[in-house]
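S.K.: Following is a predicted model, sequence given first.
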Amino acid sequence: MQDKKTQVKQMFDAIAYRYDFLNHVLSAGVDVYWRKKALKLTKLNKDAVLLDVACGTGDFAIEAKKFGVENIFGADFSLNMLRLFNKKSDWIVGRDFQMVAEKLPLKVATVTNITVAFGVRNFYNIPEAFSSFHFALKEKGKVTVLEFSMPTSPLIKIFYQMYFKFILPVIGRIISKDKRAYTYLPDSVEEFDKSIDLVKLFYNAGFKTVKRYNLTFGLVQVVIAEK
């Protein structure tokens, strides 16, 4: 049986060419608002040196560019995702790297900001990744994580689960032609929500302050950790 790292890489390599379209369709375009809101909450500015981890095709990094950030780097384990990022934005060429979050090949205190949009669930070792982030960040540097969560409202949670388990996998499978990806998504979100406390893990990794925000009835969470 393949390890999680290999499975996730193969899955995202396979769906890369339809990834942006599916993201926007399946979230009804709200994913654009989520990224923008997350960057506003972290007070990103033009002086930032940003590493976007699990950058995919670059939507989070591209949004950061609109905040005036010039020093942006991208990291993802899927080469197909990085190739699409290159096609969308020529300014990232030569600044995007194929790597895993757990083993960032950076010197100590290299960047001021790290962002991760909907990627932490796919890390094969979250505590190791957060320790790697802490090492790479400058003092007062921030990690901004945007991730799915389970709504606390019982009624919204029912509709959320129905959509994630029955509707999303069907649409995703038809468009992406990949059976695994959009079955993996709802399963991983529910398991992640039950077993992972991002705030606690950031504190365990040495971060001094950690704040958590709920967006859109708790459908997603923004966690900001400062070194």
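M.R.: Here it is on my side, so go on.
S.K.: mind listing what the residue nearest to the spatial centre of the chain touches?
M.R.: The chain has A117 as the residue nearest its centroid, 2.2 Å off, counting by C-alpha atoms, centre = their mean. A117 makes contacts with W34, R35, A38, D52, A54, G56, D59, F60, L146, E147, as judged by C-beta atoms under 8 Å, 6 or more residues apart in numbering. The C-beta positions use only the backbone N, C-alpha and C, and glycine is treated the same way.
S.K.: so it bridges to which residues?
M.R.: Using DSSP bridges, the bridge partners assigned to A117 are L146.
S.K.: can you offset everything so residue one is 20?
M.R.: Done: numbering now begins at 20, and the last item shifts to A136.
S.K.: Would you mind measuring from it to I186?
M.R.: 22 Å (C-beta to C-beta, to the nearest Å).
S.K.: Just the C-alpha atoms of the helix or strand of the chain with the lowest mean pLDDT, please, in CSV.
M.R.: Here the helix or strand of the chain ranked lowest by mean pLDDT, DSSP states H and E is helix 187-195, holding a mean of 74. In CSV, the C-alpha atoms belonging to helix 187-195 read as follows (Å, rounded to 0.1, in the frame of the first residue of the first chain):
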residue,chain,number,x,y,z
LEU,A,187,-19.5,16.9,-4.6
PRO,A,188,-18.0,13.5,-5.4
VAL,A,189,-20.3,12.9,-8.3
ILE,A,190,-19.6,16.3,-9.9
GLY,A,191,-15.9,16.1,-9.2
ARG,A,192,-15.7,12.6,-10.7
ILE,A,193,-17.6,13.6,-13.9
ILE,A,194,-15.5,16.7,-14.5
SER,A,195,-12.1,15.5,-13.3
